[in-house]
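Student: I'll drop the sequence and a predicted model, then ask my questions.
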Amino acid sequence: MNSGTKLSDIAPCGMNCRLCIGYVRDKNKCDGCLTPDTKCSRQCTLRFCTERMGKYCDHNCVSFPCQRLTNLDKRYRTKYGMSMIENLEQIEMLGIRQFVRNENARWVCPVCGELICVHRPVCLKCGTKRNAEQITKTDA
């Protein structure tokens, strides 16, 4: 069974890297946005944003949510049923540790116990369809 998301798996944009297809695939695997010298970390404009005051984009940023984050959030809401901005607000409100606990509970496959990839409608390990809580953000 998957060990779940760690604190270091949460990207500055609020993405849980453990749910990303780049993280879970075997070929050209990404080790997460905060891992030095990965394709994701080198290309991430939010990681190197000079307006970000802390580890994550939040209300302390000068232009939160900036256009880049807003566009990313819109794409993920539309295509994958998750919100980077909601994730960041949860991190700010609950703290990173509780957010990670909530993510581990929200995105676990009820059949095989693996984390479900946000970019796919089914569990990559066993084929179980994502449930409603994994498609629509809920208060955990």
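Tutor: Everything's here; your move.

Student: Whichever helix in the chain runs longest: which residues count as buried?
Tutor: If you go by DSSP state H, the chain has its longest helix at helix 67-80. By neighbour count on 16 or more other C-beta atoms under 10 Å, the buried set for helix 67-80 is 69, 72, 73, 76, 80. Every residue, glycine included, has its C-beta placed from N, CA and C.

Student: State the number of residues packed around the closest residue to the last one other than its chain neighbours.
Tutor: Same thing as residue 80. Leaving aside its chain neighbours, residue 80 sits nearest to residue 118 (4.8 Å; criterion: C-beta to C-beta, 6 or more residues apart in numbering). Using other C-beta atoms under 10 Å, residue 118 has 22 neighbouring residues.

Student: And the one 5 residues further on, by the same measure?
Tutor: By the other C-beta under 10 Å criterion, the neighbourhood of residue 123 contains 22 residues.

Student: for residue 113, same thing?
Tutor: 13.

Student: for residue 6, phi and psi?
Tutor: Phi and psi for residue 6, reported as degrees, to the nearest 10, are phi -110, psi 160.

Student: what's the spacing between the residue nearest to it when sequence neighbours are not counted and residue 65?
Tutor: Excluding its sequence neighbours, the residue lying closest to residue 6 (C-beta to C-beta, 6+ apart) is residue 100, at 7.1 Å. Taking C-beta to C-beta, to the nearest Å as the measure, residue 100 falls 21 Å from residue 65.

Student: go on, residue 33?
Tutor: Counting by C-beta to C-beta, the gap from residue 33 to residue 65 is 17 Å.

Student: Just the buried positions in stretch 94-107, please.
Tutor: 99, 100, 102, 103, 104, 106, 107.

Student: which one is the residue lying farthest from the centre of the chain nearest to, not counting chain neighbours?
Tutor: Centroid-distance maximum for the chain: residue 62 at 22.2 Å, with C-alpha atoms, centre = their mean. In this structure, residue 62 finds its nearest non-sequential neighbour in residue 51, 4.5 Å apart by C-beta to C-beta, 6+ apart.
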